[in-house]
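A.B. asks: Only the shape, not the letters, is given here:
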């Protein structure tokens with residue numbers, strides 16, 4: 001009797017690598033994983049910096065528009081008081097002039113506040129995942 005097994009015609013590959021493929025060591029695999037992880041972290045940091053920039057710009061623009069709108073509203077109230085004072089002195093013509101000026105200023109205030117709201121809406125859409 002023969003104690004040795006017979007040779008088979010085809011020897012199966014047990015490591016799952018195709019013929020001629022270089023074998024990668026564990027050290028090389030871990031080194032590649034480390035490089036990929038660093039690249040992913042750098043890309044994520046860049047994304048967060050971009051989001052912070054978008055938020056900062058949106059908040060800044062909204063604050064500017066809101067501040068200008070509030071200042072114009074204050075100026076309109078002052079103009080109304082001055083106009084009413086002048087209007088009481090001359091009865092009718094200066095009152096209508098004051099109302100026209102105040103009305104136009106308040107329309108401009110409304111437009112500036114809508115622009116500030118639009119800045120916030122665009123910022124929210126830009127940073128939404």
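C.D. replies: Now that the structure is in, tell me what you want to look at. Keep in mind that this is a model prediction, so the values were computed, not measured.

A.B. asks: Show me what the helix or strand hosting residue 114 is packed against.
C.D. replies: Following DSSP states H and E, one finds residue 114 within helix 93-127. Using 3 or more C-beta pairs under 8 Å, 6 or more residues apart in numbering; DSSP states H and E as the contact criterion, the neighbours of helix 93-127 among helices and strands are helix 26-90. The way it works is simple: take the backbone N, C-alpha and C, and place the C-beta from them, glycine included.

A.B. asks: How far does the helix it packs on sit from its chain's centre?
C.D. replies: Shown here is helix 26-90, whose average C-alpha point lies 9 Å from the average C-alpha point of the whole chain (C-alpha atoms, centre = their mean, to the nearest Å).

A.B. asks: Would you mark the buried spots in the helix holding residue 114?
C.D. replies: By neighbour count on 16 or more other C-beta atoms under 10 Å, the buried set for helix 93-127 is 94, 98, 102, 105, 109, 112-113, 115-116, 119, 123.

A.B. asks: so residue 51 makes contact with residue 128?
C.D. replies: No: no contact is recorded between residue 51 and residue 128 when judged using C-beta atoms under 8 Å, the distance being 10.2 Å.

A.B. asks: Looking at these two, which has the bigger crowd around it?
C.D. replies: Under the criterion of other C-beta atoms under 10 Å, the comparison of residue 51 against residue 128 puts residue 51 first, with 14 against 6.

A.B. asks: Quick check, pLDDT for the closest residue to that one other than its chain neighbours.
C.D. replies: The spatial neighbour of residue 51 that comes closest, neighbours along the chain excluded (C-beta to C-beta, 6 or more residues apart in numbering), is residue 127 at 5.1 Å. Residue 127 is assigned 83 on the pLDDT scale.

A.B. asks: before we move on, what about residue 14?
C.D. replies: Predicted confidence (pLDDT) for residue 14: 56.

A.B. asks: And residue 69, by the same measure?
C.D. replies: The predicted structure lists residue 69 with a pLDDT of 91.
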